[in-house]
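Peer 1: Give the three-dimensional model of this entry:
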Amino acid sequence: MRLLFLVVVWLLSPRAAAQPELPPIGSLGERTLLMWGGGRTREEAESVLSSYQERAESWARVVELGPGFPRILEGSEVPGLRPGTYVVVLGVCDRASGTELAKVFKALEPLATTRWVMWEEGEPRACPSMAPGWSLGGSARVWAKGGSLAATLFRSIEGEGAGARHGWLLVLGLLGKEDVTTTVVEPPEEGVSSEAKRLKGGRNEVVLEEWLKDPTCDTGPRAELHARTWTFSALKGELVTKQVKKPLRHEDCAREPGD
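Peer 2: Residues are numbered from 1 along each chain as shown. All right, here's what the predicted structure looks like:
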């Protein structure tokens, strides 16, 4: 069940200001807690954790959690959380890293949040990270009947210059009132270079624009550059996908980019 909204509001309400007695000064450090959600009982938090683990299979090769995470914490274990609540924690970061990684999880789950807490220095505090070669390329969210459609774009690049190979992965979440349906979209062609140029939200639809090289410079002196536009929308609780591809130009593989 999608209890995240009520739980997050409750966790961050003024009443949440009540904190347990702090351990001795010098044993704690200020850290950013990345939270997926939680509940008023451990059972509710375990349900949220199971939901995360199921959905995270879609982005497991792009976003990596540190050892020991995700994990459930009870509020009294961490100064800065409300005692008696249970939260699903994805990692513990310094301020700069926490700000950047929060953008990723907020894009994947709009109700994911962060909390500035005091963390016991002897406790594991691994911060999530992007897999080598991958970066967050943007996000968009549009309203759909009965919920919303959230899109999170990840970009990858291998190599440099004219031979650089681009790739992307798009995670689409159809967020309903009670559940979430996750779909992963990637370039369907094998052995091509595909650069995601722009992701945007329109009127009840998400649009992805990409440039596709097929064949690439790996296979000949000239590459064929195509433009392709993907459109995603939700109809009666189902994801609808459309794509339009058209040629743009030829590229001389011997010429450096920008020449």
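Peer 1: For the stretch 1-150 of the chain, give me the ranges with low pLDDT.
Peer 2: Counting by pLDDT under 70, the stretch 1-150 of the chain shows low-confidence ranges at 1-26, 123-125.
Peer 1: For stretch 83-94, buried residues please.
Peer 2: Neighbour counts over stretch 83-94 (16 or more other C-beta atoms under 10 Å) mark 85-93 as buried. Yep, even glycine has a C-beta here, placed from its N, CA and C like the rest.
Peer 1: from those, which is closest to E120?
Peer 2: The closest of these to E120 turns out to be V92 (C-beta to C-beta; 10.0 Å).
Peer 1: Just give me how far the one helix or strand that closest one maps to sits from the chain centre.
Peer 2: In this assignment (DSSP states H and E), V92 forms part of strand 86-93. Counting by C-alpha atoms, centre = their mean, to the nearest Å, strand 86-93 is centred 15 Å from the centre of its parent chain.
Peer 1: Buried residues in the very next helix or strand once past it, which are they?
Peer 2: Downstream of strand 86-93, the next assigned helix or strand under DSSP H and E is helix 95-108. Across helix 95-108, burial judged by 16+ other C-beta under 10 Å covers 97-98, 101-102, 104-108.
Peer 1: quick check: angle from helix 95-108 to strand 86-93?
Peer 2: If you take axes from the mean of the first three to the mean of the last three C-alpha atoms, to 10 degrees, helix 95-108 sits at 130 degrees to strand 86-93.
Peer 1: that older thread, show me what the strand holding V92 is packed against.
Peer 2: strand 28-39, helix 42-56, strand 71-74, helix 95-108 (3 or more C-beta pairs under 8 Å, 6 or more residues apart in numbering; DSSP states H and E).
Peer 1: domain assignment for this protein?
Peer 2: Here the domain assignment for the chain is 4-130, 134-252, based on automatic domain parsing.
Peer 1: ok, of the buried residues of helix 95-108, which one's closest to G202?
Peer 2: Among those, and counting by C-beta to C-beta, the member closest to G202 is A107, at 17.4 Å.
Peer 1: Just the strands from the chain, written as ranges.
Peer 2: 28-39, 63-64, 71-74, 86-93, 113-120, 129-130, 134-144, 147-158, 165-176, 180-185, 193-201, 206-213, 222-235, 238-252 (DSSP state E).
Peer 1: wait, which of those is closest to E46?
Peer 2: It's strand 71-74; of these, that one is closest to E46 (C-beta to C-beta) at 6.8 Å.
Peer 1: circling back to that earlier point, make TSV out of the helices and strands packed on strand 86-93 and add distance to S129.
Peer 2: Below are the helices and strands packed on strand 86-93 laid out as TSV (distance: least, C-beta to C-beta, whole Å):
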stretch	distance to S129
strand 28-39	12
helix 42-56	14
strand 71-74	17
helix 95-108	8
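Peer 1: of the ones you listed, which approaches T182 most closely?
Peer 2: Taking these one by one with C-beta to C-beta, helix 42-56 is closest: 5.2 Å.
Peer 1: what sits up against that closest one?
Peer 2: Under the contact criterion C-beta atoms under 8 Å, 6 or more residues apart in numbering, helix 42-56 has outside partners 1, 3-4, 7, 36-39, 63, 70, 72, 74, 86-88, 90, 108-109, 173, 180, 182.
Peer 1: Any chance of a ChimeraX selection covering the buried ones in those?
Peer 2: The ChimeraX selection below is limited to those of the contacts of helix 42-56 classed as buried (16+ other C-beta under 10 Å):
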select :3,4,7,36,37,38,39,63,70,72,74,86,87,88,90,108,109,173,182
